[in-house]
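K.L.:
Generate coordinates for the sequence data below:
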Amino acid sequence: MKNTLVILSLLLLSASCNQKKPTPKEMVTQYYQAFEEGNYQKIKALINDTLTITSGDYVTPYTHESFYEFFKWDSIFKTSYAIVKLDEADNEVIVNVASESVRYEFLKNNPLTCQFNISFDSGKISKIESGECAGADWGIWQKERDSLVSWIQKNHPRLDGFIHDMTMDGAINYVKAIELYQAQP
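P.N.:
Just a heads-up that it's a prediction; the model follows:
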């Protein structure tokens, strides 16, 4: 019996040592698949305790809890993600992702294809830097957004502020604002 326990223990140890850690490219693929599946627990396992996302001049640090709020906000827009290109250099993955959503459709930039540089720390995703969004028309984006915001302020002031509210309720109000705006005669 004692020998059986020792042999079982060695087999389990051997099996756990043989389990390969995912490569950075595999982790990025799993990250976007988890977003696509709506699986926050899988995302949480892939990201560091703190995750920094940069977009232009905006730098947003997230904890697991605050990133979950972002995840819920994004899910309201029914965003889908498809990896277009994936390259690895040093400890960084450069990925081009095509995203489609209710919000991007309203802003007339659907799909929105952007490049992201993803960095790792301690074997987990620690930083996501937004790069160029080829084909994006930021002028149309801004025009559509500003028209929506102005119209909501004038016609549905209770929804005013949705554009800056990065919570699930803010996203729900954003979608409601789009629906009201599109329903106008």
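K.L.:
Going along the chain, name the strands of this protein.
P.N.:
47-55, 58-63, 80-89, 92-100, 112-121, 124-130 (DSSP state E).
K.L.:
Make a markdown table out of these and add mean neighbour count and mean pLDDT.
P.N.:
To be clear about C-beta, it is placed using only N, CA and C from the backbone, and glycine gets the same treatment. A markdown table is the format used below for these (neighbours: other C-beta atoms under 10 Å; pLDDT from 0 to 100):
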| stretch | mean neighbour count | mean pLDDT |
| --- | --- | --- |
| strand 47-55 | 16 | 96 |
| strand 58-63 | 13 | 95 |
| strand 80-89 | 14 | 94 |
| strand 92-100 | 19 | 96 |
| strand 112-121 | 18 | 96 |
| strand 124-130 | 17 | 97 |
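K.L.:
among those, which is nearest residue 185?
P.N.:
strand 92-100 (28.0 Å; C-beta to C-beta).
K.L.:
Now do the closest one against strand 124-130, angle only.
P.N.:
Strand 92-100 runs at 60 degrees relative to strand 124-130, counting by axes from the mean of the first three to the mean of the last three C-alpha atoms, to 10 degrees.
K.L.:
Show me what strand 92-100 is packed up against.
P.N.:
Contacts defined by 3 or more C-beta pairs under 8 Å, 6 or more residues apart in numbering; DSSP states H and E place strand 92-100 against helix 24-37, strand 80-89, strand 112-121.
K.L.:
contacting residues around the second one?
P.N.:
Contacting residues not belonging to strand 80-89 are listed as 23-25, 28-29, 32, 35-36, 93-101, 111, 113 [C-beta atoms under 8 Å, 6 or more residues apart in numbering].
K.L.:
re the thing from before, now the helices and strands packed on strand 92-100 as JSON lines including distance to residue 54?
P.N.:
Listed next are those as JSON lines, based on distance: least, C-beta to C-beta, whole Å:
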{"stretch": "helix 24-37", "distance to residue 54": "16"}
{"stretch": "strand 80-89", "distance to residue 54": "18"}
{"stretch": "strand 112-121", "distance to residue 54": "9"}
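K.L.:
Looking at the ones you listed, which is nearest to residue 153?
P.N.:
strand 112-121 (25.4 Å).
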